[in-house]
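*Asks:* sharing a model that was predicted from the sequence below.
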Amino acid sequence: MKITVEHIADLRIKAGNADTQVLLDGNPADEKALRPTDCVLMAIAGCSSMDVVSILAKMKQSFSHFKVLSDGQRSEEHPKVFTQITLIYEARPLGKNKEEFLVAFKKAISLSIERYCSVSAMLKKAGVDISYRVQLV
């Protein structure tokens, strides 16, 4: 796994692998680019989402909508590390048995956060408190 970071101007950089690039900017006023800490929240939400979707498929549970909101709290002092991250998982189940889907959904999320998501594991080892909530829509 390799990532290249290239300076563009000021605090703006281009980062990515051989196939995909994203713009990052350390200026909080710039809303046209992601901040590096945004990428951490995207990484845990993305990693866990892939786990959950895969686990639900193995459980033969279908949905028409799936989304994760990742909300992070950082320390006030430098370095402003994440101290707490809350993931809010949202899904709209297909089929009539919503209670069965909800049980499977919660199990898939728990398996992801506790066992499979490498980003979650790294952040926990760094002392970040990770919690989650589940919503059916």
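*Replies:* Okay, I see it. Residues are numbered from 1 along each chain as shown.
*Asks:* just give the number of residues close to L24.
*Replies:* If you count neighbours by other C-beta atoms under 10 Å, L24 ends up with 20. In this view, the C-beta of every residue, glycine as well, is placed from N, C-alpha and C.
*Asks:* let the chain start at 37 from now.
*Replies:* With 37 as the first residue, the last one maps to L60.
*Asks:* any idea how far it lies from S90?
*Replies:* Relative to S90, L60 is positioned 28 Å away (C-beta to C-beta, to the nearest Å).
*Asks:* so which other helices or strands are in contact with the helix ranked longest in the chain?
*Replies:* Secondary structure of the chain per DSSP state H: the longest helix is helix 72-94. Packing partners of helix 72-94 (3 or more C-beta pairs under 8 Å, 6 or more residues apart in numbering; DSSP states H and E): strand 57-61, strand 99-110, strand 118-129, helix 134-147, helix 154-161.
*Asks:* can you rerun that using 6 Å?
*Replies:* Here helix 72-94 is seen to pack against strand 99-110, helix 134-147, helix 154-161 when contacts are counted using 3 or more C-beta pairs under 6 Å, 6 or more residues apart in numbering; DSSP states H and E.
*Asks:* got the contact list for the longest one?
*Replies:* What it means is helix 134-147. 88, 91-92, 95, 97, 125, 127, 129, 168, 170 (C-beta atoms under 6 Å, 6 or more residues apart in numbering).
*Asks:* of those residues, grab the buried ones for PyMOL.
*Replies:* The buried subset of the contacts of helix 134-147, as determined by 16 or more other C-beta atoms under 10 Å, is captured in PyMOL by this line:
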select buried, resi 88+91+92+97+125+127+129+168
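*Asks:* no more questions from me, cheers.
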